[in-house]
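Asker: can't give you the sequence, but here's the structure:
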């Protein structure tokens with residue numbers, strides 16, 4: 001192949017990988033912003049969330065039986081009440097206030113500014129990454145476990161759970177590399193088939209229970225034997241409830257994928273609420289009924305490690321009551337939905353990460369493109385799978401921790417939102433819900449501290465990548481759009497016939513003396529003779545932790561003689577560099593700008609620029625212009641005296 005052909009191929013691959021990439025965060029915030037990806041009806045998007053939420057039926061009844069024993073149905077009832085009376089109202093409000101996929105994180109960020117707000121986002125993104133990545137790895141590992149338990153699975157593949165899990169994760173990544181529409185279509189099929197098969201399995205099991213009343217009698221007898229009073233039963237159920245917290249997964253991804261719902265903003269909010277309500281209702285019915293039939297019909301020893309119902313209680317009933325053929329069909333459906341449970345997590349990551357990290361300058365610009373991020377998340381899932389040896393139990397603590405922290409943050413956000421809206425009754429109600437989730441999170445962390453350790457690794461990784469990215473992107477222009485008011489446009493129109501000379505001024509008192517002394521100093525330093533073409537330009541830094549900003553140029557005449565352009569930005573050099581290039585393109589003249597050298601240690605001044613957006617203004621402005629304009633003959637003139 002010729003060199004030209006290889007170059008063309010590399011260009012085509014690069015174009016395919018970076019499809020949808022935009023230099024402006026506002027234009028591309030994840031796969032939903034790609035014009036090639038069409039929106040979908042709310043119930044189809046519910047299926048995308050449902051592959052995560054509904055797939056927990058594959059292991060939730062077994063977890064409940066191990067945690068609560070004969071009290072499993074009562075503990076599951078507590079879980080359902082917390083779902084319907086706690087998590088559902090919280091996330092319905094999140095859907096109304098954050099319909100663009102940011103979730104509860106965006107609601108909390110509005111309360112904080114400057115660097116503490118950005119660091120808070122990074123910590124929450126660490127827990128979100130823990131939740132979503134572990135969803136991918138744990139579900140794939142559980143699908144592998146179901147494969148190993150199936151009698152038709154080749155014996156030669158037993159003991160290769162890591163390899164099989166990696167293949168399942170790779171297949172999931174391939175689906176998202178192909179396109180998001182394919183993911184939605186697969187999710188609809190898998191959820192429809194899986195729920196239908198569960199109706200058959202649970203319905204048959206309920207009939208078995210009703211046909212044999214002695215089974216219910218045996219169960220109630222075991223209840224009264226093990227526990228002295230109904231009050232004791234309720235107390236123990238409340239204590240073991242946190243161990244069932246995995247049954248709350250799916251709510252955060254439910255709001256994260258809301259941008260995929262078709263319609264305008266009110267329709268999207270209404271569809272998001274329908275999605276959450278219907279999913280919670282379906283899951284609540286299945287949780288109660290599956291817990292009841294598995295507790296009554298399956299011997300307790302089968303739930304223990306090594307038992308045939310361990311991690312696959314409903315599959316056990318499918319094989320026992322409906323035969324090996326139907327049981328294998330059910331196994332295939334369970335394996336498929338567990339494999340694809342990571343799809344909602346992948347979609348959530350692809351919506352969350354591009355909304356924050358590239359916008360904050362804390363990720364490379366290519367992080368706004370979908371396909372490179374799919375490769376990054378898939379590689380991370382590979383690493384987690386290898387580290388934990390594809391062990392479902394080892395990852396359970398991290399999964400529950402991520403889920404509970406996100407739900408607790410959402411409950412906190414809606415409590416504060418109701419308080420700001422002066423909705424007193426709702427404030428108290430949401431505060432009570434928040435306390436329930438705080439309790440659940442604390443108990444879960446105390447029992448399984450490894451979850452916090454794993455989340456801390458994710459947080460540390462995100463912080464390290466974010467800070468390094470911010471340093472490496474220090475010389476990028478951070479301006480996405482520029483506009484000017486009529487006064488500023490008049491100034492530039494008048495000067496475009498002669499020379500456009502700007503004096504960079506750090507505003508202080510803004511009195512006549514400040515401007516006269518500044519002008520005299522610049523004239524002396526640069527041997528200027530003509531003062532007619534001079535404009536002062538002043539940049540005010542509002543929040544240096546922001547990365548990309550819009551520039552609104554305002555013109556003023558101060559003290560009857562000094563023409564001043566004022567701007568607000570997160571970075572003085574970025575604002576000045578973008579302004580100079582914009583003036584050049586607007587007036588077709590290369591403007592001049594005059595600086596003073598910054599006093600003090602250059603290293604300290606550069607650190608000051610990174611943190612506070614000002615410091616080494618002159619050299620950083622020049623470097624930004626150099627990188628933005630390769631042709632030095634077209635660059636604005638920089639003068640430093």
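Answerer: Happy to help now that I have it. Since the model is a prediction, treat every value here as computed from it, not as a measurement.
Asker: buried ones in the longest strand seen in the chain?
Answerer: Secondary structure of the chain per DSSP state E: the longest strand is strand 549-558. Using 16 or more other Cβ atoms under 10 Å as the test for burial, strand 549-558 gives 549, 551, 553, 554, 555, 556. For every residue, glycine as well, the C-beta is placed using N, CA and C.
Asker: Could you do stretch 218-226 as well?
Answerer: 219, 222, 223.
Asker: Show me the shaky parts of the chain.
Answerer: 1-37, 111-113, 179-182, 358-365, 367, 529-531, 612 (pLDDT under 70).
Asker: about what we covered before: would a markdown table of the buried residues of strand 549-558 with distance to residue 608 be doable?
Answerer: A markdown table is the format used below for those (distance: Cβ to Cβ, whole Å):
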| residue | distance to residue 608 |
| --- | --- |
| 549 | 19 |
| 551 | 22 |
| 553 | 25 |
| 554 | 26 |
| 555 | 29 |
| 556 | 27 |
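Asker: Looking at these, spot the one nearest residue 194.
Answerer: Nearest to residue 194 among those is residue 549, at 46.5 Å by Cβ to Cβ.
Asker: Next up, the contacts around the closest one.
Answerer: Going by Cβ atoms under 8 Å, 6 or more residues apart in numbering, residue 549 touches 478, 479, 480, 568, 569, 570, 575.
Asker: For residue 542, see how far away the fifth one is.
Answerer: Yep, that's residue 569 we're talking about. Note on residue 569: its distance to residue 542, by Cβ to Cβ, to the nearest Å, is 8 Å.
Asker: Looking at these two, which is more packed in?
Answerer: Each of residue 569 and residue 542 has its neighbours counted (other Cβ atoms under 10 Å); residue 569 has more, 25 against 12.
Asker: Touching, that one and residue 541? I think so.
Answerer: Yes - between residue 569 and residue 541 there is a contact under Cβ atoms under 8 Å: 6.6 Å.
Asker: Please identify every residue contacting each of residue 569 and residue 542.
Answerer: With Cβ under 8 Å, 6+ apart as the test, residue 569 and residue 542 reach no residue in common.
Asker: hmm, back to that, reformat the buried residues of stretch 218-226 as CSV; add secondary structure and distance to residue 427.
Answerer: As requested, these are arranged in CSV below (DSSP: H, G, I helix; E, B strand; the rest coil; distance: Cβ to Cβ, whole Å):
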residue, secondary structure, distance to residue 427
219, helix, 42
222, helix, 43
223, helix, 39
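Asker: which residue ends up closest to the midpoint of this protein in space?
Answerer: residue 352 (2.7 Å; Cα atoms, centre = their mean).
Asker: For the biggest helix by length in the chain, buried residues please.
Answerer: When the chain is parsed with DSSP state H, its longest helix is helix 114-149. Neighbour-count burial for helix 114-149, counted by 16+ other Cβ under 10 Å, picks out 117-118, 120-147, 149.
Asker: Give the other helices and strands that the helix or strand just after that helix contacts.
Answerer: Note on helix 114-149: by DSSP states H and E, the next helix or strand toward the C-terminus is helix 161-178. Here helix 161-178 touches helix 114-149, helix 180-211, helix 313-340, helix 342-356, helix 370-387, going by 3 or more Cβ pairs under 8 Å, 6 or more residues apart in numbering; DSSP states H and E.
Asker: can you redo these as TSV with distance to residue 399?
Answerer: Shown next, in TSV, are those (distance: least, Cβ to Cβ, whole Å):
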stretch	distance to residue 399
helix 114-149	4
helix 180-211	20
helix 313-340	13
helix 342-356	10
helix 370-387	11
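Asker: Now do the strands in the stretch 401-550 of the chain.
Answerer: For the stretch 401-550 of the chain, applying DSSP state E, counting those that start in this stretch gives strands covering 479-484, 501-504, 534-541, 549-558.
Asker: coming back round to it: just curious, which of the buried residues of strand 549-558 is nearest to residue 284?
Answerer: Residue 284 has its nearest neighbour among the buried residues of strand 549-558 in residue 549, at 45.2 Å by Cβ to Cβ.
Asker: which residues does the closest one bridge with?
Answerer: Beta-bridge partners recorded for residue 549 (DSSP bridges): residue 479.
Asker: Distance-wise, check it relative to residue 519.
Answerer: 28 Å.
Asker: How about residue 490: what's its closest non-neighbour residue?
Answerer: residue 555 (6.9 Å; Cβ to Cβ, 6 or more residues apart in numbering).
Asker: Give me the distance between residue 512 and residue 558.
Answerer: In terms of Cβ to Cβ, residue 512 sits 8 Å off from residue 558.
Asker: Distance from stretch 99-118 to the middle of the chain?
Answerer: 11 Å (Cα atoms, centre = their mean, to the nearest Å).
Asker: which residues in the stretch 401-550 of the chain form helices?
Answerer: With DSSP state H, counting those that start in this stretch, the ranges of helices along the stretch 401-550 of the chain come out as 424-447, 450-472, 486-495, 512-526.
Asker: Which of those helices sits closest to residue 247?
Answerer: Residue 247 lies closest to helix 424-447 among the helices of the stretch 401-550 of the chain, at 11.4 Å (Cβ to Cβ).
Asker: The closest one: which residues count as buried?
Answerer: If you call a residue buried by 16+ other Cβ under 10 Å, then helix 424-447 has these buried ones: 426-427, 429-431, 433-434, 436-437, 440-441, 443-445.
Asker: circling back: could you dump the helices of the stretch 401-550 of the chain into TSV and include distance to residue 337?
Answerer: Formatted as TSV, these follow (distance: least, Cβ to Cβ, whole Å):
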stretch	distance to residue 337
helix 424-447	25
helix 450-472	24
helix 486-495	59
helix 512-526	68
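Asker: For residue 238, find the nearest of the ones you listed.
Answerer: When the helices of the stretch 401-550 of the chain are compared (using Cβ to Cβ), the closest one is helix 424-447, at 9.4 Å.
Asker: Out of the strands of the stretch 401-550 of the chain, which gets nearest to residue 619?
Answerer: Checking the strands of the stretch 401-550 of the chain against residue 619 by Cβ to Cβ gives strand 501-504 as the closest, at 12.6 Å.
Asker: Pull up the pairing partners for that closest one, direction included.
Answerer: Using DSSP bridges, strand 501-504 pairs in its sheet with strand 534-541 (parallel), strand 592-595 (parallel).
Asker: Pick the most buried one from those strands.
Answerer: Burial of these is given as mean neighbour count (mean count of other Cβ atoms under 10 Å); strand 592-595 ranks first at a mean of 22.
Asker: Tell me how far the nearest residue to residue 484 once chain neighbours are set aside lies from residue 354.
Answerer: Sequence neighbours aside, residue 553 is the residue nearest to residue 484 in space, at 4.0 Å (criterion: Cβ to Cβ, 6+ apart). Distance, residue 553 to residue 354, using Cβ to Cβ: 29 Å.
Asker: again, but for residue 55
Answerer: 26 Å.
Asker: So between these two, which is more surrounded?
Answerer: Remark: of residue 55 and residue 354, residue 55 carries more neighbours, 29 against 26, as counted by other Cβ under 10 Å.
Asker: From what I see, that one and residue 140 are in contact.
Answerer: No - contact criterion Cβ under 8 Å: residue 55 and residue 140 do not qualify, at 10.9 Å.
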